[in-house]
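[1] I need the structure of the sequence given here:
(2 chains)
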2 protein chains.
Amino acid sequence: MSQEPAWFAEPPLRGLEQRFETRSRLFRQKSQYQTIEIYDTVPFGRMLVLDGAVQTTERDEFIYHEMLALVPMLTHPAPRRVAIIGGGDGGSLRRVLQFGTVEEVWQVELDPLVADTCQKYLPTISAGSFSDRRARVRFTDGARFLTEWRDAFDVILVDCTDPVGAAEVLFSEQFYLDASKALTREGILVTQSGSPWLMGDELERALDNVGKVFGLVRTYLASVPSYPGVLWSFTLASNVHDPLRVPRDELARRLDDLNVLPDYYTVDVHFASFALPRFLSERFKEPAPSATSGQAVNGLKGGRGFDLFGS
Amino acid sequence: MSQEPAWFAEPPLRGLEQRFETRSRLFRQKSQYQTIEIYDTVPFGRMLVLDGAVQTTERDEFIYHEMLALVPMLTHPAPRRVAIIGGGDGGSLRRVLQFGTVEEVWQVELDPLVADTCQKYLPTISAGSFSDRRARVRFTDGARFLTEWRDAFDVILVDCTDPVGAAEVLFSEQFYLDASKALTREGILVTQSGSPWLMGDELERALDNVGKVFGLVRTYLASVPSYPGVLWSFTLASNVHDPLRVPRDELARRLDDLNVLPDYYTVDVHFASFALPRFLSERFKEPAPSATSGQAVNGLKGGRGFDLFGS
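    Below is the predicted model:
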């Protein structure tokens, strides 16, 4: 007796829908905050879904987590204290703990059931990081958590759900203001910032807000095949350190010190990820003095950016 | 009376399926070679489909065509004679004709009905290029066409369907051998080479074959949202010109000469598109002496590449 394959899909966005063939659903439970599901999928192995939105998968989690964590961590000369807001799957925590300079990481997830479920069903993603003696795991509101700190963190990673709905506060001007106070003077903030073409309005608003608080703002890209639209954006903000101005050999030296060979990130990928296609860079014009970098200038002016899906 | 939205999808690949909401199907006809369809879609406007596979759309065609045509055309110091194998939609032809140095372009499409249909339903893609006095439009077998030329073309663009099925001959060693003879000594070949993660085996074979014929082979990437897996690969081959060794200011000067501002391509994007994520660069190790470029070296060795969807 043959059986039709089952498929999981997020709700369509702007007339696009990506479907994943599934073998089974391994877990489903409503927590105080959201519905948590784990699917076993054909393309990506096990997949974490929160309120119907894909969060991470066994097979491609390395792309998102390396690009979220390694770009700011390698831009900072010696990160010692780090905060992760969200990231209950532990994939960011694991990458931060790869740095020998790191003395403590505050892992601040709202929903304890997310962390429990991931450690049970997706153990390869955190790979034991929650038990690392440098990890300070807290289950609380990340935005409120940051208001309690001053001049404390070298790097803050915002590893949250998309800038639509519940996580919207994590893209507000007030949040960036609180984060900037919680950072050291040389501190670096990075946030996942959604699909540049499917969530362009939200990205634009986030960039506006972060630009009101930080002197330097840069958006970079990576291709995460399990996410809607695949092309994904991250936004880095600082008042001191520019990821495009770290010398190549210095970046290579810091990467060597990790003693872990990333699967996606390379020094070339670091710089390349900031080269936005023109229709995106024109749309998401960085409010920071980005023109100071030769890297971002190509001598052509006067074009317009646009919404790929605009009608 | 409300109506369910209609959806178009390619057959799933490795458990992944991308679906497009459609307003209507505007055209469907079987030619001598294939079934040609035009859909009006919500996300991408009008879309050309051949034998069930998405070929191009009104909204995102610029990404694929700019990256296929501009990277080799700007790498060559002064392309005068160009051949396009496939590309019946005219999008590559249009970009090639933007170059003032170009004297003639041989546009060689197998299926006249593809060109007719695209000029009727997707006129913005070719934008009148088929009537340009420098265009030599031929409807014939592209592989055979190239065997009739020696030392003739500065650039050959292979703008064909995917390296699975009918177009497989366009990725064979014999084809690359014939193309290398049809090229001038300084000539450059570029081919679309499919999804690096959904068609990785085919890309691997194509790179093997092209490496037997050309001294320098480089794969580069762009994100084309209407294609399966979104991340798309192109492969450039030459015996003389290396796209990573054109000085930035020279590239910017050539781009200025175009007098057309591309929507995706920039000088930064040119270099960035060759920075492959490590799991891909390790898997698709270029057979050419690519290590001669500082751009492609990051000091880390010994990792492995892998198939993202491998089980």
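
[2] hmm, A:Ser180 is touching A:Phe214, no?
    Yes: using CB atoms under 8 Å, A:Ser180 makes contact with A:Phe214 at a distance of 6.4 Å. All C-beta spots, glycine's among them, are computed from the backbone N, C-alpha and C.

[3] touching both of these two, which residues are there?
    Shared contacts of A:Ser180 and A:Phe214, defined by CB atoms under 8 Å, 6 or more residues apart in numbering or on different chains, are found at A:Leu189, A:Asn239.

[4] which stretches in chain A count as strands?
    Secondary structure of chain A (DSSP state E): strands located at A:6-9, A:16-30, A:35-41, A:45-50, A:53-57, A:81-86, A:104-109, A:135-139, A:153-159, A:183-192, A:216-223, A:231-238.

[5] tell me which of the ones you listed lies nearest to B:Pro5.
    For B:Pro5, the closest of the strands of chain A is strand A:16-30, at 10.1 Å, according to CB to CB.

[6] can you check what angle separates that closest one from strand A:53-57?
    Per axes from the mean of the first three to the mean of the last three CA atoms, to 10 degrees, the angle that strand A:16-30 makes with strand A:53-57 is 80 degrees.

[7] buried residues, strand A:16-30. List them.
    If you call a residue buried by 16 or more other CB atoms under 10 Å in any protein chain shown, then strand A:16-30 has these buried ones: A:Leu16, A:Glu17, A:Gln18, A:Arg19, A:Phe20, A:Glu21, A:Thr22.

[8] run a quick neighbour tally on the nearest residue to A:Trp197 once chain neighbours are set aside.
    With sequence-adjacent residues excluded and distances taken as CB to CB, 6 or more residues apart in numbering or on different chains, A:Trp197 is closest to A:Leu308, at 4.5 Å. When neighbours are defined as other CB atoms under 10 Å in any protein chain shown, A:Leu308 has 24 of them.

[9] correct me, but A:Leu308 touches A:Phe279?
    Yes: counting by CB under 8 Å, A:Leu308 touches A:Phe279, with 7.1 Å between them.

[10] show me the contacts for the most centrally placed residue in chain A.
    What sits nearest the mean C-alpha location of chain A, by CA atoms, centre = their mean, is A:Gln192, with 3.3 Å. Contact partners of A:Gln192, counting by CB under 8 Å, 6+ apart, are A:Tyr64, A:Leu68, A:Val158, A:Asp159, A:Cys160, A:Trp232, A:Ser233, A:Phe234.

[11] beta partners for the fourth one?
    The partner list for A:Asp159 in beta bridges (DSSP bridges) reads A:Gly86.

[12] and the gap between it and chain B?
    Using CB to the nearest CB, to the nearest Å, one gets 20 Å for the distance from A:Asp159 to chain B.

[13] again, but for the first one
    Here the distance between A:Tyr64 and chain B works out to 12 Å (CB to the nearest CB).

[14] ok, that residue - contacts?
    A:Thr56, A:Gly91, A:Gln192, A:Ala222, A:Val224, A:Tyr227, A:Trp232.

[15] and what of the fifth one?
    A:Cys160 makes contacts with A:Ile85, A:Gly86, A:Gly87, A:Gly142, A:Ala167, A:Leu170, A:Thr191, A:Gln192, as judged by CB under 8 Å, 6+ apart.

[16] skipping its backbone neighbours, what lies nearest it in space?
    Closest residue in space to A:Cys160, ignoring its immediate chain neighbours: A:Gly86 at 3.9 Å, by CB to CB, 6+ apart.

[17] just to revisit the earlier point, neighbour-wise, which of the contacts of A:Tyr64 leads?
    Most crowded among the contacts of A:Tyr64, counting by other CB under 10 Å, is A:Thr56 at 29 neighbours.

[18] that residue contacts A:Leu48, doesn't it?
    Yes: the criterion here is CB under 8 Å, and A:Thr56 meets it with A:Leu48 at 5.1 Å.

[19] now list whatever residues contact both of these two.
    Residues within reach of A:Thr56 and of A:Leu48 at once, by CB under 8 Å, 6+ apart, are A:Asp89, A:Leu122.

[20] report the rounded mean pLDDT for the longest helix along chain A.
    Secondary structure of chain A per DSSP state H: the longest helix is helix A:61-75. For helix A:61-75, the mean pLDDT works out to 98.

[21] got phi/psi on the closest residue to chain B within the stretch 101-250 of chain A?
    Taking CB to the nearest CB as the measure, the stretch 101-250 of chain A has A:Val230 as its residue closest to chain B, at 3.4 Å. Per-residue torsions, A:Val230: phi 70, psi -60 (degrees, to the nearest 10).

[22] ok, it touching B:Leu231?
    Yes: A:Val230 lies in contact with B:Leu231 (CB under 8 Å); the separation is 6.3 Å.

[23] what do the two both touch?
    With CB under 8 Å, 6+ apart, A:Val230 and B:Leu231 have common neighbours A:Ser223, B:Ser223.

[24] okay, now A:Ile85: neighbour count?
    26.

[25] what's the neighbour count on A:Gln98?
    A:Gln98: 17 surrounding residues under other CB under 10 Å.

[26] which residues are in contact with it?
    Counting by CB under 8 Å, 6+ apart, A:Gln98 touches A:Leu258, A:Asn259, A:Val260.

[27] out of the residues you listed, flag the one nearest to A:Leu207.
    Distances from A:Leu207 to these, taken by CB to CB, are shortest for A:Leu258, at 29.6 Å.

[28] next one: the closest one, what pLDDT does it get?
    Looking at A:Leu258, its pLDDT reads 94.

[29] contacting residues for it?
    Counting by CB under 8 Å, 6+ apart, A:Leu258 has contacts A:Gln98, A:Phe99, A:Gly100.
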